[in-house]
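Peer 1: Quick one: sequence and predicted model below, then my questions.
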Amino acid sequence: MKAALVTLSGLIFAIALHAQYDDIIALNNPSFEEIPHQGGGEMDVGIRGWFDCGQLQFPSETPPDIHPVNAWKVTMPSSDGKTYLGMVVRDIDSWESVTQRLKQPLEEGKCYSFSIDLARSEFYESGSRITQALENYTEPAVLRIWGGTGVCGRQELLGESVVVNNTSWQTYEFEFEPGRNVNYFTLEAFYEVPVLIPYNGHLLLDNASSINQIPCDGDQLLAVTKIEKEKDEKPVVRNSNKKTVVKKEPVKDIAVASPVESKEPKKTKLLEELDAQKIKKGQTIRIENLYFSANKWDIEEGSDEVLDEIFQFLKENRNIVVEIGGHTSTPPPEAYCYKLSSNRAKQVALFLVRKGISPKRLKYKGYGKEQPLIKNDKHDMAARAKNQRVEIKILSVDYSEATGSITNPKDFKSSQNEG
């Protein structure tokens, strides 16, 4: 009898232990421990526990790299263990991702948490696929987490990080609720979204956690949460697979008041030339009241009014296609001026896309200092201020003439959904 009780106790303990482990799904090789190597090089031995999705998606491209290795000038120490994973996005519209089959599936309707350490290196030198010249792949990227039913399956986007611009390791946490059973778990480096033109960038990954089942509490489940949350700082909600249900109330008769003329003075337009009745194809309009810090491209406070005016104009005139052009002045080197002017134009274009304008109606270009309005003179501050500008150029007043400006229109709202 005593032996039977011992056996029964052991069975209960085993069942409890099994139930406990059912809530935790451990990943194979979560810290990407492998012999450091360049992807596709002579020493490439793959990545234990992970499959390179590029073999299926972009077979002509090299696999991800294991760092630190004497290449690309990436010298950061690992966050955990000895090595870590480096994945790139490229200017030819290709990107890298790795996947593995889970030991047990993520189940539809259950909620899970996951964390991973992410960073960006100050250097990641490699050849451009377009120019063949050596470039620094340091544009920031995001991490996308996909769930799928097969190898490298992308049936469901479980989470997406904010742009990873930190140059030291930080922990990013995710929570998600799959809308279907998921057998494969994929980590993907991708462009900052929305992206108008693919660029060269990278992402470093280390110290992935297990996938842990958590209670599905609250009306919304966080799908992408923190970057090194400070104490008492609330995580940022990025998206949710749970839908908020809005109860519809019955419609009641209401009295309609006669329109009353507003006594508020009519707001003065900042860009008087932005008039659909007067603009012509090829016309350029300088964007006034648009502010950037010196040598930077982040849009500063005080710029929203003019950008909202441009957005409203494009929203109301969906036949018009424009280019956002950036211009700088002396004395910086030409390469620097092209980069600065291009990034400033890009930020304006991204503002409009995020507000709802279709990327097919937007192009952007940096002209550096090649098109001054008046003669450039590094000692003439007034001339420099006039030449340093961002302009709108009317490419077409007929949307059907537009050829588009991006490679991945599926990532954006269509022109029919603008507004």
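Peer 2: Structure's in. What do you need? Numbering: from 1, shown residues only.

Peer 1: got any ranges where the stretch 51-200 of the chain has weak pLDDT?
Peer 2: 130-132 (pLDDT under 70).

Peer 1: Would you map the strands across it?
Peer 2: Here the stretch 51-200 of the chain has its strands, by DSSP state E, counting those that start in this stretch, at 51-52, 65-67, 84-89, 97-106, 111-119, 125-127, 134-136, 139-140, 142-148, 156-160, 170-176, 182-190.

Peer 1: So for residue 213, which of these sits nearest?
Peer 2: strand 111-119 (5.7 Å; C-beta to C-beta). Yep, even glycine has a C-beta here, placed from its N, CA and C like the rest.

Peer 1: Give me the helices and strands touching that closest one, please.
Peer 2: With contacts taken as 3 or more C-beta pairs under 8 Å, 6 or more residues apart in numbering; DSSP states H and E, strand 111-119 sits against strand 142-148, strand 170-176, strand 201-206, strand 211-214.

Peer 1: now the closest residue in space to residue 204 that isn't next to it in sequence: how far from residue 25?
Peer 2: Distances taken as C-beta to C-beta, 6 or more residues apart in numbering place residue 119 nearest to residue 204, at 4.6 Å, with adjacent residues excluded. Residue 119 sits 25 Å away from residue 25, going by C-beta to C-beta, to the nearest Å.

Peer 1: picking that back up, adding distance to residue 332 and mean neighbour count, write the helices and strands packed on strand 111-119 out as a markdown table.
Peer 2: Shown next, in a markdown table, are the helices and strands packed on strand 111-119 (distance: least, C-beta to C-beta, whole Å; neighbours: other C-beta atoms under 10 Å):
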| stretch | distance to residue 332 | mean neighbour count |
| --- | --- | --- |
| strand 142-148 | 29 | 22 |
| strand 170-176 | 31 | 20 |
| strand 201-206 | 23 | 26 |
| strand 211-214 | 48 | 18 |
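
Peer 1: I'd like those as a markdown table, with distance to residue 79 appended.
Peer 2: Putting these into a markdown table (distance: least, C-beta to C-beta, whole Å) gives the following:
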| stretch | distance to residue 79 |
| --- | --- |
| strand 142-148 | 14 |
| strand 170-176 | 9 |
| strand 201-206 | 4 |
| strand 211-214 | 19 |
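
Peer 1: Out of these, which gets nearest to residue 84?
Peer 2: Of those, nearest to residue 84 by C-beta to C-beta is strand 201-206, at 3.7 Å.

Peer 1: Figure out how far that closest one is from the centre of its chain.
Peer 2: In this view, strand 201-206 has its centroid 13 Å away from the chain centroid, taken as C-alpha atoms, centre = their mean, to the nearest Å.

Peer 1: contacting residues for residue 91?
Peer 2: Contacts here follow C-beta atoms under 8 Å, 6 or more residues apart in numbering; on that basis residue 91 touches 128, 129, 130, 198, 199, 200.

Peer 1: How about residue 57?
Peer 2: 94, 97, 152.

Peer 1: Now do the phi/psi pair for the first one.
Peer 2: Phi and psi for residue 94, reported as degrees, to the nearest 10, are phi -130, psi 150.

Peer 1: Go ahead and confirm it touches residue 59.
Peer 2: No - contact between residue 94 and residue 59 fails when scored by C-beta atoms under 8 Å: they sit 10.4 Å apart.

Peer 1: So for these two, which sits in the more crowded spot?
Peer 2: Per other C-beta atoms under 10 Å, whichever of residue 94 and residue 59 has more neighbours is residue 94, with 15 against 7.

Peer 1: so what's that one up against?
Peer 2: 54, 57, 58, 61, 129, 198.

Peer 1: Which phi and psi values does residue 387 adopt?
Peer 2: Residue torsions, per degrees, to the nearest 10, at residue 387 are phi -80, psi -30.

Peer 1: isn't the residue nearest to residue 204 right up against residue 76?
Peer 2: Yes - when contacts are counted by C-beta under 8 Å, residue 119 is listed as touching residue 76 (6.6 Å).

Peer 1: Now do the shared contacts for these two.
Peer 2: Contacts common to residue 119 and residue 76, judged by C-beta under 8 Å, 6+ apart, are 168, 169, 204.

Peer 1: for the second one, what are its contacts?
Peer 2: If I follow you right, that is residue 169. Counting by C-beta under 8 Å, 6+ apart, residue 169 touches 76, 79, 117, 118, 119, 206, 207.

Peer 1: Kindly report the same for the last one.
Peer 2: With C-beta under 8 Å, 6+ apart as the criterion, the residues that contact residue 204 are 67, 74, 76, 84, 85, 86, 118, 119, 120, 121.

Peer 1: Quick check: closest non-adjacent residue to the last one.
Peer 2: Nearest residue to residue 121 in three dimensions, chain neighbours excluded: residue 74, at 4.6 Å (C-beta to C-beta, 6+ apart).

Peer 1: need the helices for the protein, in chain order.
Peer 2: Here the chain has its helices, by DSSP state H, at 2-22, 54-57, 304-316, 334-355, 381-387.

Peer 1: pLDDT averaged over the last one - what is it?
Peer 2: Model confidence over helix 381-387 averages 77 on the pLDDT scale.

Peer 1: do the fourth one as well
Peer 2: pLDDT averaged over helix 334-355 equals 87, rounded to a whole number.

Peer 1: Now do the buried residues in that helix.
Peer 2: By 16 or more other C-beta atoms under 10 Å, the buried positions in helix 334-355 come out as 337-353, 355.

Peer 1: Please report how far the closest residue to residue 353 other than its chain neighbours lies from residue 357.
Peer 2: Closest residue to residue 353 apart from its sequence neighbours, by C-beta to C-beta, 6+ apart: residue 194 at 4.6 Å. Distance, residue 194 to residue 357, by C-beta to C-beta: 10 Å.

Peer 1: Residue 390 now?
Peer 2: 16 Å.

Peer 1: now swap in residue 189 and tell me
Peer 2: 27 Å.

Peer 1: How about residue 198?
Peer 2: Taking C-beta to C-beta, one finds residue 198 at 20 Å from residue 357.

Peer 1: More neighbours: the two, which one.
Peer 2: Per other C-beta under 10 Å, whichever of residue 198 and residue 357 has more neighbours is residue 357, with 24 against 20.

Peer 1: Could you find the closest non-adjacent residue to that one?
Peer 2: residue 314 (5.0 Å).
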